[in-house]
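>>> Give me coordinates for this.
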Amino acid sequence: MITHTFVVLAYKESQYLENCICSVLNQEFKSKVVIATSTPNSFIKNIADKYNLNIIVNPNPGKGIGYDFDFARTCVDSDLITIAHQDDVYERVYSKRMVENFNIFPDSTILFSDYFEIRNNEKVFENTNLKIKRFLLKPLNFKNVSNKKIIKRMSLAFGDPICCPAVTFCQKNLKVNTLFACDMKCSVDWNAWEIASNIKGRFLFVNEPLMGHRIHEESTTTEILEGNNRIKEDYEIYQRFWIKPVAKLLTKLYSNSEKSNQI
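Numbers count the residues shown, from 1 in each chain. Reported below is the predicted structural model:
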């Protein structure tokens with residue numbers, strides 16, 4: 001039987017952490033749930049104790065968000081692993097759909113769903129940002145060819161359409177310990193997917209909005225979009241797909257499209 005674990009990545013004291021934990025504990029497919037953190041504190045411990053969850057502390061904190069992601073991705077032994085971001089929530093069938101699809105396509109390196117945004121505690125299924133990302137994912141709607149390198153890279157060549165907390169990883173197929181770890185602050189996820197696109201295996205897109213990504217003033221997404229490194233990092237990744245003049249143009253267009261992530 002396929003095993004699946006939610007690793008809830010907790011940081012400092014998020015008011016939404018308990019909501020996230022409740023959503024992953026309330027899955028139809030009973031996944032294992034643990035908490036990973038680089039900032040152990042009494043707030044996280046109290047919630048872990050309340051739900052009888054183990055806390056796994058990163059022994060090498062402070063290196064950056066990408067290093068925290070890789071720690072969370074590799075800190076448990078499970079066929080499938082989802083890094084649940086502390087501010088987000090998951091629909092009850094999320095892990096069930098991931099396992100069902102992996103059983104059909106066991107060569108998948110990553111599996112991921114569509115998602116909705118949570119703004120002011122309301123679910124948002126349609127906006128400019130979501131429409132663009134769904135358009136970019138169209139090549140991956142054809143599951144039978146989603147193991148082809150050209151198809152995987154086609155979906156990434158114009159921007160990052162994959163929502164990181166919606167992703168489930170198959171460690172056995174990825175065969176790498178370092179996927180996210182880098183000095184980037186904004187394009188960490190996109191960098192990881194670009195690396196994964198070169199690894200033999202399938203990008204499996206489950207075209208259902210199975211998780212909610214919260215957009216608020218204290219979220220990591222909002223914070224990193226306010227930094228000056230964002231355009232530089234996007235340009236660096238675009239150059240892996242395009243010549244420099246095209247990369248510059250796409251960087252400018254993509255920067256404008258991402259403004260809907262801000263409050």
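
>>> Tell me, how many residues neighbour Ile44?
Neighbourhood size, Ile44 [other CB atoms under 10 Å]: 23. For the C-beta atoms, the positions are set from N, CA and C on the backbone; glycine is no exception.

>>> Provide a list of residues in contact with it.
The neighbourhood of Ile44, defined by CB atoms under 8 Å, 6 or more residues apart in numbering, consists of Ala10, Glu13, Leu17, Ile35, Thr37, Ile55.

>>> Show me which of those are buried.
Neighbour-count burial (16 or more other CB atoms under 10 Å) applied to the contacts of Ile44 gives Ala10, Leu17, Ile35, Thr37, Ile55.

>>> mind listing the strands in this structure by residue range?
With DSSP state E as the criterion, the chain has strands at 4-10, 32-37, 55-57, 80-85, 89-90, 108-119, 122-124, 167-170, 202-214.

>>> picking that back up, farthest pair within the buried ones among the contacts of Ile44?
Leu17 and Ile55 (12.0 Å; CB to CB).

>>> Looks like Lys152 contacts Ser197 (just checking).
Yes: using CB atoms under 8 Å, Lys152 is in contact with Ser197, at 4.1 Å.

>>> list residues touching both of the two?
With CB under 8 Å, 6+ apart, Lys152 and Ser197 have common neighbours Phe203.

>>> Show me which of these two is the more surrounded one.
The residue with more neighbours, out of Lys152 and Ser197, is Lys152; 25 against 21, by other CB under 10 Å.

>>> List the residues that contact the more buried one.
Lys152 makes contacts with Leu140, Ser146, Ala196, Ser197, Phe203, as judged by CB under 8 Å, 6+ apart.

>>> could you dump these to TSV with distance to Tyr235?
Converted to TSV, the contacts of Lys152 look like this (distance: CB to CB, whole Å):
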residue	distance to Tyr235
Leu140	24
Ser146	27
Ala196	21
Ser197	18
Phe203	23
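
>>> For this structure, give me the ranges with low pLDDT.
217-228, 257-263 (pLDDT under 70).

>>> Helices of that one, residue ranges please.
Ranges of helices in the chain, per DSSP state H, are 17-25, 42-50, 65-74, 94-104, 128-136, 149-156, 171-174, 188-197, 220-225, 229-238, 244-257.

>>> Tabulate the ones you listed (TSV), appending distance to Ile118.
Output for the helices of the chain, formatted as TSV (distance: least, CB to CB, whole Å):
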stretch	distance to Ile118
helix 17-25	10
helix 42-50	19
helix 65-74	20
helix 94-104	15
helix 128-136	12
helix 149-156	24
helix 171-174	29
helix 188-197	18
helix 220-225	12
helix 229-238	22
helix 244-257	20
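
>>> who's in contact with the residue sitting nearest the centre point of the chain?
Nearest to the mean C-alpha position of the chain, by CA atoms, centre = their mean, lies Cys164 at 1.1 Å. Neighbouring residues of Cys164 by CB under 8 Å, 6+ apart: Phe69, Ile83, His85, Asp189.
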